[in-house]
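In: coords below, sequence missing:
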Ligand SMILES: *Cc1c(COP(=O)(O)O)cnc(C)c1O
């Protein structure tokens, strides 16, 4: 891993129309309650610096923590950046990233002047506990763990996470739970996790709540551990629309449960189709599935795109040759993907 090669987030350009199954977005759109709340925002409110009391209280209550145990961020990306900037100020600071991983860890570590230490996942993408432990050194300041992982959809055993946190008391362990809603498991509220001061948990409202365009996330942890991150986040980082949307979106649990149900059904639907087609995949705990299309991946992605179906090429990620990541959200959208995939595989292009 060289420092000379700077990491940039690969912005994939796709039209706003068509089936966007490449960014793990909630393609149903957000809760209608969010739009109602946004429409009620007054001229006066738009002219004032936002107040976060309501959004913070709603987030704390939904996540089951006290309001001082979280920092609201402009998307979880900003939480990752804040962790990198605050943890890597010391000279020669290193951050451990288990790969394949979400791109923003390396991007933010680079931007903060730190050095990325990559640890590859085991075969079949299981968590490499011993290798992560061995990678911890005196310069380790930050460790990113993603549960469930993006792009593999695999979970890390709870005990492995706690072991890493204990093995690196001098580092901040950032457990990214962007997809925890779909996995149905979280370290928030876990008594043992709460006793470990060097652990923070990142959550986003972009995925399950469908607020990716509005930008809202949170980092949860002990108030003393969060303080340095909180100083990196500008005081008015979420605009009034995001703060209003967050409170309204978190309140619509019916909509949230509906989307979670769609995701469960979509994954089953996709697995059955992939079994039929003889394609390899990794059963996922998130709202996406990693699928191996093989050597023909380039042609297949293009042929899908020609049918207005967009999936994410992950073939350049560690151990992901020939693989795409497909969002499994709204059942009708997953069915449309399956139909398009069958067409392009059967050469009807
Ligand atoms: C999407 C994603 C995020 C970023 O979420 P935003 O709130 O949209 O910034 C963070 N971590 C992982 C693993 C993600 O996939």
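Out: Good, I have the coordinates. Owing to the predicted nature of the structure, the values given are computational and were not obtained by experimental measurement.
In: all helices for this protein, in order.
Out: Remark: helices assigned in the chain by DSSP state H are 32-39, 43-47, 53-63, 76-87, 104-111, 129-135, 158-167, 180-183, 191-194, 223-232, 240-251, 253-277, 297-306, 331-345.
In: which stretch among the ones you listed comes nearest residue 119?
Out: Closest to residue 119 of the helices of the chain, according to CB to CB: helix 129-135, at 5.0 Å. (Each C-beta comes from the backbone N, C-alpha and C, glycine too.)
In: before we move on, back to that, most tightly packed of the helices of the chain?
Out: helix 76-87 (a mean of 25; mean count of other CB atoms under 10 Å).
In: ok, that helix near the ligand or not?
Out: Yes. Using CB under 6 Å from any ligand atom, helix 76-87 reaches the ligand at 76-77.
In: now for that helix, which elements pack on it?
Out: With contacts taken as 3 or more CB pairs under 8 Å, 6 or more residues apart in numbering; DSSP states H and E, helix 76-87 sits against strand 70-73, helix 104-111, strand 140-146, strand 172-176, strand 199-204, strand 217-220, helix 223-232.
In: give me the residues contacting the longest one.
Out: The contact list for helix 223-232, computed with CB atoms under 8 Å, 6 or more residues apart in numbering, reads 68-71, 79, 81-83, 85-87, 172, 197-200, 219.
In: and the stretch 151-300 of the chain, which residues reach the ligand?
Out: Within the stretch 151-300 of the chain, the positions near the ligand by CB under 6 Å from any ligand atom are 176, 178, 204, 206, 212, 217.
In: output the helices and strands packed on helix 76-87 as JSON lines; include the columns mean pLDDT.
Out: Shown next, in JSON lines, are the helices and strands packed on helix 76-87 (pLDDT from 0 to 100):
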{"stretch": "strand 70-73", "mean pLDDT": "98"}
{"stretch": "helix 104-111", "mean pLDDT": "98"}
{"stretch": "strand 140-146", "mean pLDDT": "98"}
{"stretch": "strand 172-176", "mean pLDDT": "98"}
{"stretch": "strand 199-204", "mean pLDDT": "98"}
{"stretch": "strand 217-220", "mean pLDDT": "98"}
{"stretch": "helix 223-232", "mean pLDDT": "98"}
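In: which among the ones you listed is found nearest to residue 346?
Out: Taking CB to CB, strand 140-146 is the member of these nearest to residue 346, at 35.2 Å.
In: flag every buried residue along that closest one.
Out: Residues 140-146 are the ones in strand 140-146 that count as buried (16 or more other CB atoms under 10 Å).
In: that strand pairs with which strands?
Out: Take DSSP bridges as the rule and strand 140-146 pairs in its sheet with strand 94-99 (parallel), strand 172-176 (parallel).
In: most packed of those strands?
Out: Among these, strand 172-176 has the highest mean neighbour count (mean count of other CB under 10 Å), at a mean of 26.
In: low pLDDT regions in the protein?
Out: Applying pLDDT under 70 to the chain flags residues 1-5, 13, 348-349.
In: closest point of it to the ligand, which residue?
Out: With CB to the nearest ligand atom as the measure, residue 75 is the residue of the chain nearest to the ligand, at 2.9 Å.
In: relative to residue 200, how far out is that residue?
Out: In this view, residue 75 and residue 200 are 16 Å apart by CB to CB, to the nearest Å.
In: so for those two, which residue has more residues nearby?
Out: Using other CB atoms under 10 Å, the more surrounded residue of residue 75 and residue 200 is residue 200, with 25 against 21.
In: dig out what that one forms beta bridges with.
Out: Residue 200 has these beta-bridge partners by DSSP bridges: residue 174.
In: tell me the contacts of it?
Out: 83, 172-175, 219-221, 225-226, 229.
In: cool, and residue 68?
Out: Applying CB under 8 Å, 6+ apart, one finds that residue 68 lies in contact with residue 223.
In: go on, residue 317?
Out: Each residue near residue 317 by CB under 8 Å, 6+ apart is listed here: 99-100, 151, 323.
In: kindly report the same for residue 219.
Out: 70-71, 73, 76, 79, 82-83, 174, 200-203, 226, 229.
In: return the member of those nearest to residue 115.
Out: Here the nearest of the contacts of residue 219 to residue 115, counting by CB to CB, is residue 83; it sits at 15.2 Å.
In: excluding its backbone neighbours, what's nearest that closest one?
Out: residue 174 (4.9 Å; CB to CB, 6 or more residues apart in numbering).
In: and the gap between that neighbour and residue 305?
Out: Between residue 174 and residue 305 the computed distance is 34 Å (CB to CB).
In: what's the answer for residue 50, then?
Out: Going from residue 50 to residue 305 by CB to CB gives 39 Å.
In: turn the buried residues of strand 140-146 into TSV, including distance to the ligand.
Out: Formatted as TSV, those follow (distance: CB to the nearest ligand atom, whole Å):
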residue	distance to the ligand
140	20
141	19
142	15
143	14
144	9
145	10
146	5
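In: cool, thanks, talk later.
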